[in-house]
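K.L.:
Starting from these lines, generate the structure:
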Amino acid sequence: MIHNLNQVNFQGFGVIPPERISAAQHADALGSRRVLPLSAESAAIYRAQSDTWLRCQEGATVLSVSQDGNRFTHYYLDKPVYVHAGIYFCLSPFLGKSTAEIAAKLPPLEAGQWDSQQNFRVEHNLQVTALYTFFYQEKERGFLFPGEAHPMVELTYVDQGSLHSVADGQDLLLEQGDLVLYAPNQWHMQYADTAVAPQFVTISFDADGQGLEQLYRRKWKIPPKAAPLLQQMLLEQEHPDSRTNDMLLHLLSILLLTLLRETAAPAEKAGSVRSLHNENEIIRRAQQYILANIRQKLTVPQVAGQVDVSASYLTALFRKNLQISPGEYIRRMKLQESKQMIRENNLNFTEIAAALQYSTVHHFSRQFKEKFGITPTEYARSVRG
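P.N.:
Sure thing, here's the model as predicted:
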């Protein structure tokens, strides 16, 4: 990438002379100037023997500088500069051809030839190129998927309950907030314990670039920064438009990059780790209490009291980490529970509404339709055949 040329980011390589003094005055102080015709195909690398004055004369020129002759930083040469003695530099056209002026008390030494394949563009190191499936799956208790292998990468994220992931002879228990990536052509199976009805996201995709291999064959707790990306993907799928597919590819790319950055991040300060752990523990306990008592009448102050924090603090934690309020989380979990109750087919809609503490069956039906886009009757018809 080409950087802006200024005094701050050019430190260590040289200086930018004051604009009030003409270029000719600077150059003449160092001796005669000469003009260099520049071509990307025949650009030389120089090492400055003394402070060397440089200026673009015609066209657009890129100045590449290095302290060791290996790692170069690129600048758009839109003003005169002095390159310090000992610095390696190369002048090349931004596009097509250009010319530059050079002046120095001691002429720079040629130290090599610029790689003509050098590209100043920023390009993707990792990018999702195709999306095949994106399912939100709600399974029965004791669910079993016997296994498969396919050429796509697959991501599984557990939203509710828990799920066993078996691959390469290893059985990983994925709990709420955990995810796993299966490598291309890696055989894998999934199952749930007999008392667990898991809900999870499955995404299969192709990606170009390097780094994903670092994420295979282990489970990950989704980082706080990545959770909103997955939630945004689900929202995109619920309300699609002409840009949805592009957004899904883009969001999944960012999610994977966020995971990779987390794996490479240096250890946080102990205080920060403790603070984050405490916040996550409070949220986890609150979620467990809500799920264990989902058929009871629940209020935010009641849940907050169970985890020994104030209602306002619990609300702040939920909004910070889950991007929803505790009240909205309770509502969503009640509606998810209603789906399970409809699939079990033991109660009618009025009884389900009463069991989940809705004031009326009409209130329950309205919220169900707002959340899932279909009525409880339509959902029951779809799952019971």
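K.L.:
Now do the longest strand along the chain: distance to the chain's middle.
P.N.:
For the chain, the strand that runs over the most residues, judged by DSSP state E, is strand 126-138. Offset of strand 126-138 from its chain centre (C-alpha atoms, centre = their mean, to the nearest Å): 15 Å.
K.L.:
Need the three-state assignment for Thr258.
P.N.:
helix (DSSP: H, G, I helix; E, B strand; the rest coil).
K.L.:
How about it, nearest residue that isn't a chain neighbour?
P.N.:
Ala226 (4.4 Å; C-beta to C-beta, 6 or more residues apart in numbering). (Glycine included, C-beta is placed from N, CA and C.)
K.L.:
ok, the one you found - contacts?
P.N.:
Counting by C-beta atoms under 8 Å, 6 or more residues apart in numbering, Ala226 touches 255, 258-259, 262.
K.L.:
contacting residues around the nearest residue to Leu260 once chain neighbours are set aside?
P.N.:
Nearest residue to Leu260, sequence neighbours excluded (C-beta to C-beta, 6+ apart): Gly211, at 5.1 Å. Gly211 sits next to 125-126, 260 when contact means C-beta under 8 Å, 6+ apart.
K.L.:
Name the next helix or strand downstream of the lowest-mean-pLDDT helix or strand in the chain, please.
P.N.:
Lowest mean confidence among the helices and strands of the chain (mean pLDDT, DSSP states H and E): helix 23-29, at a mean of 61. Using DSSP states H and E, the helix or strand that follows helix 23-29 in sequence is strand 34-39.
K.L.:
what's the average pLDDT for that next one?
P.N.:
What strand 34-39 shows for mean pLDDT is 89.
K.L.:
In terms of secondary structure, what does it contact?
P.N.:
Where contact means 3 or more C-beta pairs under 8 Å, 6 or more residues apart in numbering; DSSP states H and E, strand 34-39 is packed against strand 88-93, strand 97-104.
K.L.:
Let me know which of these is tucked in deepest.
P.N.:
Of all the helices and strands packed on strand 34-39, strand 88-93 carries the top mean neighbour count, a mean of 23, counting by mean count of other C-beta atoms under 10 Å.
K.L.:
Which elements pack onto that strand?
P.N.:
Secondary elements touching strand 88-93 (3+ C-beta pairs under 8 Å, 6+ apart): strand 34-39, strand 44-47, strand 52-58, strand 61-66.
K.L.:
repeat that with 10 Å
P.N.:
strand 34-39, strand 44-47, strand 52-58, strand 61-66, strand 73-76, strand 97-104, strand 109-113 (3 or more C-beta pairs under 10 Å, 6 or more residues apart in numbering; DSSP states H and E).
K.L.:
quick check, Ser359 in a helix?
P.N.:
No - counting by three-state DSSP, one finds Ser359 to be coil, located in no helix.
K.L.:
so where do the helices sit in the chain?
P.N.:
Secondary structure of the chain by DSSP state H: the helices cover 23-29, 227-238, 244-264, 270-292, 300-306, 311-322, 326-344, 349-355, 361-372, 376-384.
K.L.:
Pull the contacting residues for the residue nearest to Leu255 when sequence neighbours are not counted.
P.N.:
Once flanking residues are discounted, Leu255 sits nearest to Leu229: 4.4 Å by C-beta to C-beta, 6+ apart. By C-beta atoms under 10 Å, 6 or more residues apart in numbering, Leu229 lies in contact with 222-223, 250-259.
K.L.:
for the stretch 151-300 of the chain, what are the low-confidence residue spans?
P.N.:
169, 264-277 (pLDDT under 70).
K.L.:
80 instead, please
P.N.:
In the predicted model, the stretch 151-300 of the chain carries pLDDT under 80 at residues 168-170, 263-281, 284.
K.L.:
Pretty sure Gly373 sits against Leu335.
P.N.:
No - applying C-beta atoms under 10 Å as the test, Gly373 and Leu335 come out as separate, 12.0 Å apart.
K.L.:
out of the two, which sits in the more crowded spot?
P.N.:
Leu335 (17 against 11; other C-beta atoms under 10 Å).
K.L.:
And the pLDDT for the more buried one?
P.N.:
90.
K.L.:
Disregarding flanking residues, what is the spatial nearest neighbour of it?
P.N.:
Lys371 (5.1 Å).
K.L.:
give me the number of residues near that neighbour?
P.N.:
Neighbour number of Lys371 under other C-beta under 10 Å is 16.
K.L.:
OK, contacts around it?
P.N.:
238, 331-332, 334-336, 338-339.
K.L.:
Any figure for the gap between it and Arg319?
P.N.:
Distance of Lys371 to Arg319, given as C-beta to C-beta, to the nearest Å: 19 Å.
K.L.:
Tabulate the contacts of Gly211 (JSON lines), appending neighbour count and distance to Lys139.
P.N.:
Putting these into JSON lines (neighbours: other C-beta atoms under 10 Å; distance: C-beta to C-beta, whole Å) gives the following:
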{"residue": "Asn125", "neighbour count": "11", "distance to Lys139": "36"}
{"residue": "Leu126", "neighbour count": "14", "distance to Lys139": "31"}
{"residue": "Leu260", "neighbour count": "17", "distance to Lys139": "29"}
